[in-house]
Structures are given as C-alpha cells and as structure tokens.
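1. Got a sequence here, can you build the structure:
(chains A, B and C)
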Amino acid sequence: MAARVERQILNNSTVLLDIYNILFKSYGPQHWWPGDTPFEIAVGAILTQNTNWGNVEKAIINLKKAKALNAGKMNGMSHERLASLIRPAGYFNIKAKRLKSFLTFLTCHYNGSMKRMKTEDTHDLRARLLDVNGIGPETADSILLYALDKPVFVIDAYTKRILERHQVISEKTTYHELQELFYKNLPQDKALFNEYHALLVMLGKDYCKPKPKCSECPLEKYILNS
DNA sequence: GACCAGGCACATC
DNA sequence: GATGTGCATGGT
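-> As a prediction, this is how the structure comes out:
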C-alpha cells in the first residue's frame, strides 16, 4: 500500500519511463508490426479490430495465397470474394466493407501507393484516415506508426487497462487524453513509441486481461519492491 | 460452454 | 455526450 501512495508522488514521466524499462527488460525487443509491406500492415490493422492476431494471420495467408494482397487486386474483388478470404479474422462482412473503404481512399488520394501516402503531413493524414469509414483512432494510429513510420503513439484496450489498474489514469480517461499523456511525458521517438505499444500488448496478453493475473505481473512486482 | 481478442459505427436516450 | 448493441471466427 505504501508503494502505491509513493507512486502518486512520482511524476508521470518517471512512471511511464519506468514501466517501459520494466517491460523491455521482461520481454525484449518486439520487432513490430508483423507484416512484410506497409500495405500488409495497414490491412492487418483493419483486420485485427477486436480480434485475436492468430485469426488475422489466417486471413492474411488466404489473401497471399490468392495473390490478392495488393491494392489493385483487392479493389477489383467482389465483396463476397473478399469476405470469404478474410473469414477467419471474424466480422468478415463489416471488415470487407472497411477494407474497401480504405482501398477507395488509398486509390483516390494516393494512386494506390502507401509510399505516396507517407509523404503527407502526419496531422493532416490522421484526420483524413479518421474520415474513412471503419478507421477509428487506434487503426489510424497503427497505420501511421507501423505502416508509415510516423511518430504516433497507439492507444489500445490493453494500454488503457494496464494504466488504469496501476492507477496512472482514471477510468474516464479518453483516447486523446491518454495519447497526450504519452506525448507529454516521453521523448518524441518513433522507435520508442513502436516498442512501447508492442510491449504493452505483450504484458496485456499475459497478465492484464479482463480477469487479471496481477500477482505474476512484472509491473506488480515492481510496485511491491519500490 | 464461457471467455476473450491489438475496434468501430450506429441507434437511442 | 453517454451508453448500449451488432458485428463473428477461433483459441484457451
């Protein structure tokens, strides 16, 4: 209990860097995002919405086998065909529609080229991505950071849950507020943002599910020992 | 069989 | 603007 009280006096920048260092020490570098090309990463970001990554991999393998993992081929494909290929990722009808929305956006504004998309100003691009049906804050930020190498911090359910449980943020903290917390308290380093989010997901998978396993969590051990 | 997964849009109040 | 609901497969 004393350790928890002590934590409240520490500033956020210390806490966030401490957490990062503990996670890096526990898990090592994560080499995210798993994906061969920026386009594949963007597709994966849409497919993984509320879905286990293992299921997304199956869908991506289907797309690769069909030689359909490129903007031109996917754009020309019927909804039914695309939905059948991505079926293992779940929500296949809604995700087929979302992929089509993204492809239309990519084709209309950037001639189907992720490289061309990358040249756009980060702030403007984020706003445009958020206008695409099916792309919300987490998906937009994942595309910006992992597919386009922009210095953007991705917030996800694990990030929020982990920091809530360790009393760094409150239950009511919004996506934007949480993202600002990372921006204000960490160096603006895209490699750090990349690694940090990946590490939070690893910790979340192991210890911070809705039914947590706190006693075994590296962060809990840190609090108890500090 | 229950729970969970690297969200988002839309309806309703 | 807050809250509830639909979307769906597959692993544990």
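2. alpha carbons only for contacts and neighbour counts from here, please
-> OK.
3. quick one: low-confidence ranges for chain A?
-> Within chain A, the stretches with pLDDT under 70 are A:1-10, A:223-226.
4. cutoff 80 now
-> Confidence mapping of chain A against pLDDT under 80 gives the ranges A:1-13, A:221-226.
5. Say whether DNA strand B is contacted by the strand or helix carrying A:Y196.
-> If you go by DSSP states H and E, A:Y196 is part of helix A:190-207. Yes - Helix A:190-207 comes into contact with DNA strand B (Cα under 7 Å from any atom of the strand), by way of A:201, A:204-205.
6. For A:K213, give me its contacts.
-> Listed by Cα atoms under 8 Å, 6 or more residues apart in numbering, the contact set of A:K213 reads A:206-207.
7. what about 7 Å?
-> A:Y207 (Cα atoms under 7 Å, 6 or more residues apart in numbering).
8. Show me what the strand or helix carrying A:E40 is packed up against.
-> A:E40 belongs to helix A:38-47 when assigned by DSSP H and E. Counting contacts by 3 or more Cα pairs under 7 Å, 6 or more residues apart in numbering; DSSP states H and E, helix A:38-47 packs against helix A:137-142.
9. and A:Q188, backbone torsions?
-> Dihedral angles of A:Q188 (phi, psi; degrees, to the nearest 10) stand at phi -80, psi 70.
10. quick one: buried residues of the helix holding A:Y196?
-> By neighbour count on 16 or more other Cα atoms under 10 Å, the buried set for helix A:190-207 is A:190, A:193-204, A:207.
11. Same question for stretch A:27-40.
-> A:33, A:35, A:38-40.
12. Determine which two of those residues are furthest apart.
-> Pairwise distances across these peak at 11.7 Å for A:W33 and A:F39 (criterion: Cα to Cα).
13. For chain A, what lies in contact range of DNA strand C?
-> With Cα under 7 Å from any atom of the strand as the criterion, chain A comes near DNA strand C at residues A:50-52, A:54-55, A:87-95.
14. Restricted to strands, list these.
-> Among the residues of chain A next to DNA strand C, DSSP state E puts none in strands.
15. so which of the residues you listed is the most crowded?
-> The most crowded member of these, judged by other Cα atoms under 10 Å, is A:A89 (25 neighbours).
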